[in-house]
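In: here is a sequence with its predicted model. Questions after.
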Amino acid sequence: MKTKTFLACCACLSLFACATPSTPAPAPDKPAGGKSLYDRLGGMDAIKAVVNDFIDTQASDPKLHHFYEKTDTKYLKGQMVDFVCQATGGPCKYAGMDMKDAHDGRHVHDEDFSETVGNLVSVLNKYKVPEAEQKELLALLGPLKPDVVEKK
């Protein structure tokens with residue numbers, strides 16, 4: 001199965017629940033070859049596979065599982081798929097909460113964010129997502145950190 005790098009978005013999203021002010025950041029410009037990040041990641045089937053694996057990894061992580069105890073992971077997976085699809089230039093429209101509202105009061109700290117990124121990178125590596133696509137995806141997620149991590 002061709003499952004490429006859309007997971008970086010998932011990383012943030014999983015722990016954090018989906019988007020930036022109502023919608024993900026605009027998809028990056030298409031490279032000279034003309035393929036969007038969505039296409040280079042393998043499209044919808046690849047995004048679904050990675051998101052499912054990523055959320056399952058997050059929910060079973062001893063350091064993060066408490067964030068998922070009262071979460072409908074099936075719903076979260078669907079929201080994350082839409083978020084990643086839209087953010088990477090795919091045909092989906094994300095209609096979920098913005099990151100700030102989704103994480104308000106959840107007590108997410110820097111260590112949680114770092115663990116999530118590590119889990120995402122592990123899943124991306126598992127699916128053999130090329131480094132360039134991983135970096136591009138992670139660059140889409142990095143700006144979400146201030147809305148996700150609680151200030152001390």
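Out: Structure's in. What do you need?

In: can you map out the helices along this protein?
Out: Secondary structure of the chain, counting by DSSP state H: helices at 7-16, 37-41, 43-60, 73-87, 99-103, 110-126, 131-141, 145-148.

In: wait, which of those is closest to Phe67?
Out: Closest to Phe67 of these, according to Cβ to Cβ: helix 7-16, at 5.9 Å. Every residue, glycine included, has its C-beta placed from N, CA and C.

In: pick the most deeply packed of the helices of the chain.
Out: Burial of the helices of the chain is given as mean neighbour count (mean count of other Cβ atoms under 10 Å); helix 7-16 ranks first at a mean of 31.

In: so for that one, what's the average pLDDT?
Out: Per-residue pLDDT values over helix 7-16 give a mean of 41.

In: likewise for stretch 63-74?
Out: Regarding stretch 63-74, the rounded mean pLDDT is 94.

In: in CSV: the helices of the chain, plus distance to Lys93.
Out: Listed next are these as CSV, based on distance: least, Cβ to Cβ, whole Å:
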stretch, distance to Lys93
helix 7-16, 15
helix 37-41, 13
helix 43-60, 13
helix 73-87, 6
helix 99-103, 17
helix 110-126, 23
helix 131-141, 16
helix 145-148, 20
